[in-house]
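> Below is the structure, and that's it, no one-letter string:
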């Protein structure tokens, strides 16, 4: 059975040595978050994930969620108690505002804990993740009354939240949405329609479930401009706030699916259910979009989370499994065979995963810090710059991290040989669970289009220009640093590829947008490699600095950073040339076949 | 539920127009196989796969195999009847020698039918595939008596076969094998030990099961040089050849696994079971190896098979699912949205899969023809050259086709969005089934090592030199053909990359073999792209020739070949530059970390 150790030390290296937490000290909530406090909090979170959630992961996969004839859904054994512990520990609302019962800690810490939760038990973590999304949506767009009724209950974990977007005939294209809202005399609406793929739509973990539902008010314009957001509780709150009589919303079925069996994926039937408008009428999609960046960042974190836990287990197996001898002669002659970690191809696999994980974690922490700046800084320009960064990097992180996280889970499984194909090892569950992250919260093709079709051109290209400037300034600053040459050189080349790709798109896409569409996925992955390469430079720089300062006990770890960074530059970054070439090939051969020729 | 249409037309284009079947007419068995006969036979096979096996695929996944307390194993509903039909149709022994009840048809045809079977129902197809492997092993190494007893029964499908190699502590490293064989007075042996991951080890499809078992004769040398091959029937044949009393071999458990649920993966316990030596003592591994190329080619075919059926279903979905509008304006304004096949990223995905499938099928047909030459030609030099080709390409086909087949199944699933994650669509089954092909018959890392560590250097590099010469001669021949420029140019560049990589390995690997190990996987995939690119050139040439000749009814299909070939050159082949760069980076950063730093 898989095990898990939360990478708290690695996170602390990032927070303290790479990103210099003290630079963010003037943001609200950061003053209370000294490195010691953060380390202690993350240590606690890690322990809970390692000891409580990890053992429940296989159980959740095996037993899954069960729907009873009356529509109730039972979660896997142990999930109820664990969710109660999670709520009691204050983990759901750790970054939520104090006025709603949260702890007001940096949002960055929530992202880190999300990684630990996702590594330990992704299906379980989703119940909390969706609740955090609902909290964010109501804080941003809800009325004072709505906030008062729903937010503290969700922050405390007594109630949980959902997002109801997808319908059988529409997922990506929400303009086709049919769920109907009819205004009633006293200000509420009745909601009627069917939603599918609703994660955590019905379950037994909380006293109530707060559905956020996209629907079309009777008479509203067609398309996406006629969609509104509603809050539709499973149980209607009494005047005292306690859950009262049942609303007309029910779970019609739970989907049988490839993975995340521990999370109930529901068909939800709204049958004249009572709901209240959140924000302005017809502006529901905008309301959803404000929370989208954060939700997508969270899904990107899931990609990293699975990649990390799969890596850890593959390492353990590679050290224990004896098979064959090192190509350079036996390394453990006293044993019947060498552990497979001596084999270059096994190491190539492990290093490939590791080189992604460490840089991906850095990019999550860095982006989450930007999110905190965007939400909490006094200075409007700083907020704008941070928001630009977050907006630009979000589709990259969602798309690249989940594609790579899945690929890495597959690679880690491969290390086990046939044993990885057998359920018992738990490795194949990681693969099945990781797969969904490439699809939900906008399939990765949509992320690529969001990046290329929207984020690049937004505000005259302000965000992407700022990103290029930041990386260029960093490269210029490191130009004289000789120990950084193995890192800076490859990054400069990759950045040039990205800039060429960006210019090619700017020149060619306006006249024929298919060029952008055909190259979008390559562009997104090219962007991801440059961003991760930038993270490796900053990590290598910090590791080098610490080593020079004589960090005795940390030598092995810091040297490993330097080696892993070199591996990234030599083995992962060369892909950027191929990505640029593919992009520049344009859309002709992609679009030429008539549909009937397929 | 997925559907399937056997690509008979595409196969006939390859056989007739690309590879000129008539050139092989002098080989035994080919005279009877005119294009008309082949088309009729493949048409029949296709129909059986489409109508009988495809509907059983989901059932097999859902119901799986069940082991009863007495050790019997029941296959999924419908498998027994289908297997009886398969056997009755003569499909198992279609290429087996006539003297053993086979039809003596070209082995190439068996590979093609294996593709159809694998697309329709991979778990089911394995029962036949393993039987074909056992037939080949006994024909090559068995005594006259063993052949007479076992081969006709397996050719007719009354009995099935297995291969028993893996033990709990050894898979790749068979030198660690512990299963023991003790010689008895009357010439037989008693076999004792435990084997795991035995596909089709126990089931209810046939009257008897012929286990081929690797074991160590008491007193044999340690390591791989002390391993012998035995035939161990489940039921001991009576003097009249009918199955008699049970042998001491039983199924101890069936594995719960990620996919291929319809195939029983067994733990087999040999408890003093009666067995007979096949071939020479201590030469069991050699006996296994002679059938390995063919078995590995068959697993490569599975990669293509899943990629093909996943592609077909993704195309259907992409034409039916309405979502969003084309970037260049609505294509079907009368409908609420355009079918998603209008979107460049969807097309990029479909074209990527298609560009692989068609070239992979060509390489299978071409390699299988070489196999036929190697086995059937009169001329010893022709046999040797063909055997060289087959030996060189086998690890490439196994490794590259199964890696790519899996990746393509994932891409096809992605086209379905959330619906692809749901079991009902059948797409996630393709992903789970395809995954095993990267592992069994030698994990893909082992294929890469076989290529780089054994096949390249074998006979002074004779095979790889001949391959380079063949491609170069082809390129030279096409140099004046202007319509071939978009194909020939990229292939020349990719071939140069492969030659540079080969030289780099020749120069650097002898002194430090870790360089070969660290670069093996990239080298294998680089080789695969060049081989597939070569196939695309030959297909484009044939399509261009036919178009010029005015093949009216075939215009759409032949034009599609030309476009898909261009897509391959523009979008898949640029990867070779990155592969070369990674290889040339060498093993330093891969091997540098001490094991404890992982």
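Done, it's in. Everything numeric here is computed off the predicted structure, so don't read it as measured data. Residues are numbered from 1 along each chain as shown, chains lettered A, B, ... in the order given.
> Could you use CA atoms for every contact and neighbour count after this?
Will do.
> Right, and chain B sits closest to which residue of the stretch 201-350 of chain A?
Chain B sits closest to residue A:257 of the stretch 201-350 of chain A, with a gap of 4.2 Å, by Cα to the nearest Cα.
> Bridge partners for that residue, pull those for me.
On DSSP bridges, the residues paired with residue A:257 through beta bridges are residue B:422.
> how many other residues sit next to it?
Neighbour count for residue A:257, taken as other Cα atoms under 10 Å in any protein chain shown: 20.
> List the residues that contact it.
Counting by Cα atoms under 8 Å, 6 or more residues apart in numbering or on different chains, residue A:257 makes contact with B:421-424.
> can you tell me how far the residue of the stretch 401-550 of chain A found nearest chain B sits from residue A:311?
Residue of the stretch 401-550 of chain A nearest chain B, by Cα to the nearest Cα: residue A:422 (4.2 Å). Using Cα to Cα, to the nearest Å, residue A:422 is found at 17 Å from residue A:311.
> Strands of the stretch 451-598 of chain A, residue ranges please.
Using DSSP state E, counting those that start in this stretch, no strands are assigned anywhere in the stretch 451-598 of chain A.
> Next to chain B, which bits of it? Give me the list.
Residues of the stretch 451-598 of chain A lying close to chain B (Cα under 8 Å from any Cα of the partner chain) are A:512-514, A:517-521, A:556-557, A:560, A:563-564, A:566-567, A:570-572, A:574-575, A:577-578, A:581-582, A:585, A:587, A:589-593, A:595, A:597-598.
> hey, which helix or strand in chain A has the poorest pLDDT?
Lowest mean confidence among the helices and strands of chain A (mean pLDDT, DSSP states H and E): helix A:284-320, at a mean of 93.
> next structured bit after that helix?
helix A:344-376 (DSSP states H and E).
> how about that next one, does it get close to chain B?
Yes - for helix A:344-376, a contact with chain B is found by Cα under 8 Å from any Cα, at A:344-345, A:347-348, A:351.
> Can you name the helix or strand that the residue nearest to residue A:451 when sequence neighbours are not counted falls in?
The shortest distance from residue A:451 to any non-neighbouring residue, by Cα to Cα, 6 or more residues apart in numbering or on different chains, is to residue A:395 (6.0 Å). Assigned by DSSP H and E, residue A:395 belongs to helix A:380-415.
> And that helix, what's buried?
A:383-415 (16 or more other Cα atoms under 10 Å in any protein chain shown).
> and what of stretch A:30-39?
Buried residues in stretch A:30-39, counted by 16+ other Cα under 10 Å: A:30, A:33, A:38-39.
> Pick out the most distant pair among the residues you listed.
Maximum pairwise distance among these (Cα to Cα): 13.6 Å, between A:30 and A:39.
> sorry, back to before: okay, residue A:422 and residue A:311: which has more neighbours?
Taking other Cα under 10 Å, residue A:422 and residue A:311 do not tie; residue A:311 has more neighbours (28 against 22).
> With residue B:480 as the reference, measure out to the residue in chain A sticking out farthest from the centre.
Each residue of chain A has a distance to the centre, and by Cα atoms, centre = their mean the biggest one is for residue A:334: 45.2 Å. Relative to residue B:480, residue A:334 is positioned 62 Å away (Cα to Cα).
> before we move on, what about residue A:298?
Distance, residue A:298 to residue B:480, using Cα to Cα: 56 Å.
> Of the two, give the one with the bigger neighbour count.
Between residue A:298 and residue B:480, residue A:298 has the larger neighbour count (other Cα under 10 Å), namely 28 against 10.
> for the more buried one, what are its contacts?
Contacts for residue A:298 (Cα under 8 Å, 6+ apart) come out as A:111, A:114, A:129, A:398.
> how does it look with 7 Å?
residue A:111 (Cα atoms under 7 Å, 6 or more residues apart in numbering or on different chains).
> tell me how far the ends of stretch A:410-429 are from each other?
10 Å.
> For the residue of the stretch 1-150 of chain A found nearest chain B, pull up the helix or strand it's in.
Here the residue of the stretch 1-150 of chain A nearest chain B is residue A:62; by Cα to the nearest Cα that distance is 11.1 Å. Under the criterion of DSSP H and E, residue A:62 resides in helix A:54-63.
> Run through who's touching the helix or strand following that helix.
The helix or strand immediately downstream of helix A:54-63 is strand A:66-67, counting by DSSP H and E. Residues from elsewhere that reach strand A:66-67 (Cα under 7 Å, 6+ apart): A:73-75, A:253-254.
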